[in-house]
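S.K.: kindly return the folded structure for what I paste below:
(2 chains)
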Amino acid sequence: GAVVSQHPSWVICKSGTSVKIECRSLDFQATTMFWYRQFPKQSLMLMATSNEGSKATYEQGVEKDKFLINHASLTLSTLTVTSAHPEDSSFYICSASLGLAAYNEQFFGPGTRLTVL
Amino acid sequence: AQSVTQLDSQVPVFEEAPVELRCNYSSSVSVYLFWYVQYPNQGLQLLLKYLSGSTLVKGINGFEAEFNKSQTSFHLRKPSVHISDTAEYFCAVRFSGGYNKLIFGAGTRLAVHP
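M.R.: Now for the predicted structure:
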């Protein structure tokens, strides 16, 4: 099956700094990538949907200036958490898909654990 | 409103016993249905999916699920579980008339005991 990687797998940063998380589709071209957030013992919450070459679409309640998403190529999307605070600590998971149509499967990355001190 | 409900937050079971994890959805349109497994500190792995056709779907690791349109359910079953099946299981729905957006249930923690 399709492989999606994330880097880093975990990161610890100080409050006020920015952190960039990469999501790569290794063996296919992902027109669409998704970013999810998962709090401990909770489900995945979709943060935003990004299409290659265009602006991301953010879900209601997600601050687009706080969580910057870039999808500059068909194999790479990045999520930058700007001016991170302890409440941003979470598990961030990306997924990649061939497109926006509902029949396209999403392939998930292994996740990135962010801890903000 | 469209939603997914996993009725059990935790399911304890002994090794080699059968298990059923329940999932119900609410939708006025056709759906695609998925079960994912998540091991600690890892991403999601697709267990199985229903897109169309036979309502009984077989997946990896011996799991299967049955789509019941009249009861709007997609329960996951395994006839004999192993210790290694201990994980979090998520039911997810995608609405065929909409775009590629997955809606997840809250998850069910399967704990297999020796």
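S.K.: for chain A, which residues are neighbours of chain B?
M.R.: Counting by CB under 8 Å from any CB of the partner chain, the residues of chain A close to chain B are A:1, A:4, A:6, A:32, A:34, A:41-44, A:46, A:49, A:91, A:93, A:95, A:97, A:99-106, A:108-111, A:113. In short, each C-beta sits where N, CA and C put it, glycine included.
S.K.: in strands, which of these appear?
M.R.: Counted as lying in strands by DSSP state E, out of the residues of chain A next to chain B, are A:4, A:6, A:32, A:34, A:44, A:46, A:49, A:91, A:93, A:95, A:97, A:106, A:108, A:113.
S.K.: low pLDDT regions in chain A?
M.R.: For chain A, applying pLDDT under 70 flags the ranges A:1, A:102.
S.K.: are any of the residues of chain A next to chain B buried, and which?
M.R.: Buried members of these, scored by 16 or more other CB atoms under 10 Å in any protein chain shown, are A:4, A:6, A:32, A:34, A:43-44, A:46, A:49, A:91, A:93, A:95, A:97, A:102, A:104-106, A:108-111.
S.K.: now B:F34: which helix or strand?
M.R.: strand B:31-38 (DSSP states H and E).
S.K.: again with B:Y25
M.R.: Using DSSP H and E, B:Y25 falls within strand B:24-26.
S.K.: other SSEs contacting that strand?
M.R.: Counting by 3 or more CB pairs under 8 Å, 6 or more residues apart in numbering or on different chains; DSSP states H and E, the packing neighbours recorded for strand B:24-26 are strand B:3-5, strand B:73-78.
S.K.: can you do 6 Å?
M.R.: strand B:3-5 (3 or more CB pairs under 6 Å, 6 or more residues apart in numbering or on different chains; DSSP states H and E).
S.K.: neighbouring strands - and their directions - for the strand it packs on?
M.R.: Next to strand B:3-5 in the sheet, as set by DSSP bridges, lie strand B:24-26 (antiparallel).
S.K.: list the contacts of the partner strand.
M.R.: Residues from elsewhere that reach strand B:24-26 (CB atoms under 6 Å, 6 or more residues apart in numbering or on different chains): B:3-5, B:72-73, B:93.
S.K.: repeat that for 8 Å
M.R.: B:1-5, B:7, B:31, B:33, B:71-74, B:91, B:93 (CB atoms under 8 Å, 6 or more residues apart in numbering or on different chains).
S.K.: the nearest residue to A:A101 once chain neighbours are set aside: how many residues sit nearby?
M.R.: Of all residues not flanking A:A101 in the chain, B:N100 sits nearest, at 6.1 Å (CB to CB, 6 or more residues apart in numbering or on different chains). When neighbours are defined as other CB atoms under 10 Å in any protein chain shown, B:N100 has 22 of them.
S.K.: what do you get for B:Y50?
M.R.: Using other CB under 10 Å, B:Y50 has 18 neighbouring residues.
S.K.: how much space separates it from chain A?
M.R.: 12 Å (CB to the nearest CB, to the nearest Å).
S.K.: show me what contacts that residue?
M.R.: So B:Y50 contacts B:32-34, B:57, B:65, B:67, B:74 (CB under 8 Å, 6+ apart).
S.K.: tell me the mean pLDDT over the strand holding B:Y25?
M.R.: Averaging pLDDT along strand B:24-26 yields 94.
S.K.: pull the residues that contact the strand holding B:F34.
M.R.: A:102-103, A:108, B:21, B:23, B:25, B:44-51, B:59, B:61, B:63, B:65, B:67, B:74, B:76, B:87-96, B:102, B:107.
S.K.: do that again at 7 Å, thanks
M.R.: For strand B:31-38, contacts defined as CB atoms under 7 Å, 6 or more residues apart in numbering or on different chains pick out A:102, B:25, B:44-51, B:59, B:65, B:67, B:74, B:76, B:87-96.
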